[in-house]
Every structure is written in C-alpha cells, then in structure tokens.
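**Q** All I have is the shape, not the residue letters:
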C-alpha cells in the first residue's frame, strides 16, 4: 500500500513538473519577434520603417483611441474623452515619418465633436520610439510613456 501511495505521489509530482515546464516553454518561446530598441530604430531603412510601423494601433486600455499609420506616410488618429454620446471626440489626419528613433506626426486636418479644443493644422507631435515589435508600439513624449497594440496582426 505504501508503495502504491509513493508511486502515485511521484506520478503526480512528475505530471505537475511536466505541466509547469511545458507552460514555461510555451511562454518563453512565444512568437519569434525581435523587439527593436531605440538604437535599432535609428538605423532602420525607409522600407523597414514603413513595414514595421504601418498598421492600425490601438491605445492600450482603450477600445476607441486609435492611431492608423498608412504605408504612404499618412495617418489618422481618433481620440475620445468619455463613453457617452456627448463625449468629446477628435479626428486628426496628416503625415508621419520616423527619423532618429522619433515618430513625427504632422497634422494637416483636425475635426472635433462636442469640443472646440484641438490641435490646429500644421501642429507637429514628436514621440521617441522606445519599443517596437510586430504587436506592440511604445512611445515617449515629455516623460510620459504611451503603449499601443496592433489591431491588424497577420
């Protein structure tokens, strides 16, 4: 009887260790995506920048605030304050570029709803790219970090 209990306990321990190691292996392996550092973004070619940044990015923690970077160098950015029908909303359009690890958004058109407060056409926003991979974009401006997740991952 003791042998049966010992064998059963050993079997359970082996199964638990196997399950934990498989879980660790699954998480540590993940998709084979390299996170580009600020230094690596600085040396990307124009084609690499276009490929890496182009996409539909949503602000983490939001279901509405989006930044869409188009391959032709244009962007749209949607923002909303609140979730009611009378929430303040902004839609910005313009051009984007990346140089020396800075993402620059130049606004050419600004539309608002329920507010008159907006950035005017001609305004320029510049963000330091602090992280980038296939699914995540991390930016920093004035000491504030902003994280985006890609919606259109293939």
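**A** Received the coordinates, thanks. None of these values were measured; they are calculated from a predicted model.
**Q** May I ask which helix or strand encompasses the residue lying closest to residue 151 once chain neighbours are set aside?
**A** Computed as Cβ to Cβ, 6 or more residues apart in numbering, the closest residue to residue 151 that is not its neighbour in sequence is residue 56, at 4.3 Å. C-beta: built from backbone N, CA, C; applies to glycine. Here residue 56, judged by DSSP states H and E, is contained in strand 55-59.
**Q** Can you give the distance of that strand from its chain's centre?
**A** Strand 55-59 sits 6 Å away from the centroid of its parent chain (Cα atoms, centre = their mean, to the nearest Å).
**Q** What mean pLDDT does the following helix or strand past that strand get?
**A** Toward the C-terminus, strand 55-59 is succeeded by strand 66-69 as the next helix or strand (DSSP H and E). Averaging pLDDT along strand 66-69 gives 97.
**Q** how about stretch 84-99: buried residues?
**A** 89, 90, 92, 93, 94, 96, 98 (16 or more other Cβ atoms under 10 Å).
**Q** List the beta-bridge partners for the last one.
**A** Residues found in beta-bridge contact with residue 98 (criterion: DSSP bridges) are residue 103.
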